[in-house]
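> fold the following.
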Amino acid sequence: MEQRSRILILSASAGAGHVRAAQAVEQAVLANGAGDVRHVDALDHTTKMFRRLYQKAYIDLVNDAPQALGLLYDHLDKPWKYERRRLAFDRLNTRPFVELIKHYDPAWAVCTHFLPAEIVSWLKARRRLRARLAVVVTDFDVHGMWLYRHVDRYFVALEETREHLARLGIPAESITVSGIPIDPQFAAAFDKRALRRKHGLDPDRTTILISAGGFGVGPVERIVGSMRQLTHPAQVVVICGRSEDLRRRVDKVAAAPGGGAVTIKVIGFTTEMHELMAAADLLVGKPGGLTTSEALARGLALVVVNPIPGQEERNADHLLEQGAAIRCNNLPVIAWKIDRLLDDPARLSQMQERAKRLGRPAAANEIADALLPAAPLATV
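As a prediction, the model looks like this:
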């Protein structure tokens, strides 16, 4: 197999979205005729301590100290300032990953997380790798940690993000506004009523989806408890992700007496999120880049709750600016806010239409088209 046909897609399982984005790109590249494609989670090839730092520490901060995470986000959002310091630490812990990249010797290294992008950029700077480097930013804004000096192509979510990068000195011709790559199933046509029946839901009831993300983070049981106060007849589907502890807590809330006009269905980890989104009218949750992009592709209005300070706050700003979302800062009134939205079907319909306009369901295909065949690009 010639080197020019090899595509190495690199993610990191610090949050589920980076991996899902990589999987979407992998599918699109394979469908586009690439002969040798490999997706690697960079954290699978690092030290145990480093992997724990990236995975558990991040989730602990999200759950227990989100304000600290926001302060860290802002502190590090200084393009290229901390590049050498981070690289020195990361190189100590990623030697097996470095060897894997060098051995595979791809034509393109496509990164959906900043950690592998940093390592590939360093290898290119040292002339230890021939590959071109593509960075797929998985939030609506771009943080300073995504910026490296040997990137051949950036793929971003919004025109504003493209303009931001261009004003930082990155060549405009190397920046593509593709959207955030998602599984093509989120663009497939479905019959909403039929899907509701399939998943044991009333085909005629307003359907509200609550998502805790792949790792089950956030005050989900408090949200569910507040949602029981809805006065509009509705059915609430709660996705708890991989956290069995969260599912048990939410089951307890859902089974409590009362609830009035609301029925609640609790689900753990699922591979049918595309169908559940297609069956829903509203999505309630944290505005992570992937979940948000999937919801927009499905034309779901969003109710933003407890965004993580930093990237999710910025994602929320874009959604609110575009009229695709409302935000609830006080959980006890979330049912009241949703009731007021359901009182105004025209407003809800307008939000859903704006969400659909903002969605980029073909993002993964656009990225694949840009990489195959690979064309020479300027390097920053």
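> only C-alpha atoms from now on, for both contacts and neighbour counts.
OK.
> span of stretch 192-208 from start to end?
Stretch 192-208 has an end-to-end distance of 13 Å (criterion: Cα to Cα, to the nearest Å).
> scratch that, stretch 189-200
20 Å.
> over to stretch 244-262?
End-to-end distance of stretch 244-262: 23 Å, with Cα to Cα as the criterion.
> just stretch 237-252 next, same as before
End-to-end span of stretch 237-252 (Cα to Cα): 15 Å.
> check which residues of it are buried.
Buried residues in stretch 237-252, counting neighbours by 16 or more other Cα atoms under 10 Å, are found at 237-243, 246-247, 250-251.
> go on, stretch 253-271?
Within stretch 253-271, the residues that count as buried by 16+ other Cα under 10 Å are 253-254, 259, 262-265, 267-269.
> could I get the residues you listed as TSV with distance to Thr138, pLDDT and secondary structure?
Formatted as TSV, those follow (distance: Cα to Cα, whole Å; pLDDT from 0 to 100; DSSP: H, G, I helix; E, B strand; the rest coil):
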residue	distance to Thr138	pLDDT	secondary structure
Val253	33	89	helix
Ala254	33	87	helix
Gly259	37	70	coil
Val262	34	92	strand
Thr263	34	93	strand
Ile264	31	94	strand
Lys265	30	95	strand
Ile267	26	92	strand
Gly268	24	88	coil
Phe269	21	86	coil
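> quick one: which of the residues you listed is nearest Ala157?
Phe269 (26.6 Å; Cα to Cα).
> send me stretch 324-344 as CSV with only the CA atoms.
Extracted C-alpha coordinates of stretch 324-344, given in CSV (Å, rounded to 0.1, in the frame of the first residue of the first chain):
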residue,chain,number,x,y,z
ALA,A,324,-31.8,27.9,18.0
ALA,A,325,-31.8,27.6,21.8
ILE,A,326,-33.1,29.0,25.1
ARG,A,327,-31.1,28.8,28.3
CYS,A,328,-32.1,28.0,31.8
ASN,A,329,-29.7,29.1,34.5
ASN,A,330,-32.0,28.1,37.4
LEU,A,331,-33.1,24.5,37.4
PRO,A,332,-36.2,24.9,39.6
VAL,A,333,-37.8,26.9,36.7
ILE,A,334,-36.9,24.7,33.8
ALA,A,335,-40.4,23.3,33.5
TRP,A,336,-41.9,26.8,33.6
LYS,A,337,-39.5,27.9,30.8
ILE,A,338,-40.4,24.9,28.6
ASP,A,339,-44.1,25.4,29.3
ARG,A,340,-43.8,29.0,28.1
LEU,A,341,-42.1,27.7,24.9
LEU,A,342,-44.8,25.1,24.4
ASP,A,343,-47.4,27.8,24.8
ASP,A,344,-46.1,29.3,21.6
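> which residues touch it?
222-223, 226-232, 301-306, 316, 319-320, 347-348, 351-355 (Cα atoms under 8 Å, 6 or more residues apart in numbering).
> mind doing that once more with 6 Å?
Stretch 324-344 has contacts (Cα atoms under 6 Å, 6 or more residues apart in numbering) with 226-227, 229-230, 301-305, 319, 351, 354-355.
> farthest-separated two in the residues you listed?
By the measure Cα to Cα, Gln229 and Arg354 form the most distant pair in these, at 27.6 Å.
> give the buried residues for the host helix or strand of Arg314.
Arg314 is part of helix 311-321, with elements assigned from DSSP states H and E. Residues 311-320 are the ones in helix 311-321 that count as buried (16+ other Cα under 10 Å).
> what's the neighbour count on the closest residue to Ala125 other than its chain neighbours?
Leaving aside its sequence neighbours, Ala125 sits nearest to His150 (Cα to Cα, 6 or more residues apart in numbering; 6.9 Å). By other Cα atoms under 10 Å, 20 other residues sit near His150.
> test my guess that His150 contacts Leu123.
No. With contact defined as Cα atoms under 6 Å, His150 does not reach Leu123; the gap is 9.4 Å.
> got a pLDDT number for Lys57?
Check again: residue 57 is Ala, not Lys. Note on Ala57: pLDDT of 69.
> can you tell me the element the closest residue to Lys356 other than its chain neighbours falls in?
Distances taken as Cα to Cα, 6+ apart place Gly299 nearest to Lys356, at 4.2 Å, with adjacent residues excluded. Assigned by DSSP H and E, Gly299 falls within no helix or strand.
> my guess is Gly299 meets Arg354, correct?
No. Gly299 is not in contact with Arg354 according to Cα under 6 Å; the separation is 7.7 Å.
> which one of these two is surrounded by more residues?
Neighbour count, other Cα under 10 Å: between Gly299 and Arg354, Gly299 has more, with 27 against 20.
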